[in-house]
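Trainee: could you look at this predicted model? Sequence included:
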Amino acid sequence: MSKVEVYGEDEKTPLFVGEFAFLPRLGEYISKDAGDNFDYCIFKEIWHRKEGSSGIFQACMRVELSD
């Protein structure tokens, strides 16, 4: 499983961090439980950032919330 940081449109900190069996592709949707309903997110951007001097890259994705 891959840990993915999921960011909103203009966020500097992740909306949430999730474990994915595979990396979603651009344009795919996910739904996230938001209590009495679901938040629907469309993946818009994918990048990887290096964490410190470890040489490990963290997967990051930007989403757009959809109704």
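Mentor: Done, it's in.
Trainee: show me what the worst-scoring helix or strand of the chain on mean pLDDT pairs with in its sheet, parallel or antiparallel.
Mentor: Lowest by mean pLDDT, DSSP states H and E among the helices and strands of the chain is strand 29-33, with a mean of 89. Sheet pairing of strand 29-33 (DSSP bridges) gives strand 38-51 (antiparallel).
Trainee: tell me the buried residues in the helix or strand residue 61 falls within?
Mentor: Here residue 61 is covered by strand 56-66, with elements defined by DSSP states H and E. Neighbour-count burial for strand 56-66 flags 59-63 (criterion: 16 or more other CB atoms under 10 Å). Bear in mind the C-beta positions are built from the backbone N, C-alpha and C, glycine included.
Trainee: just how off-centre is that strand within its chain?
Mentor: Here strand 56-66 is found 3 Å from its chain centre; the criterion is CA atoms, centre = their mean, to the nearest Å.
Trainee: from residue 13, how far off is residue 52?
Mentor: 18 Å (CB to CB, to the nearest Å).
Trainee: pull out the buried residues from the least confident helix or strand of the chain.
Mentor: Result for strand 29-33 [16+ other CB under 10 Å]: buried residues residue 30.
Trainee: what's the angle between it and strand 56-66?
Mentor: 80 degrees (axes from the mean of the first three to the mean of the last three CA atoms, to 10 degrees).
Trainee: may I have strand 29-33 as CSV, with CA atoms only?
Mentor: Output in CSV follows, covering the C-alpha atoms of strand 29-33 (Å, rounded to 0.1, in the frame of the first residue of the first chain):
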residue,chain,number,x,y,z
TYR,A,29,-12.9,10.2,-8.4
ILE,A,30,-12.9,9.1,-4.8
SER,A,31,-15.5,9.5,-2.2
LYS,A,32,-14.7,10.2,1.5
ASP,A,33,-17.1,9.7,4.3
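Trainee: and for it, what are the contacting residues?
Mentor: The contact list for strand 29-33 (CB atoms under 8 Å, 6 or more residues apart in numbering) reads 16, 24, 38-43, 63, 66.
Trainee: now with 10 Å, please.
Mentor: Residues from elsewhere that reach strand 29-33, judged by CB atoms under 10 Å, 6 or more residues apart in numbering: 6, 15-16, 18, 20, 24, 37-43, 61, 63, 65-66.
Trainee: no further queries at this time; thank you.
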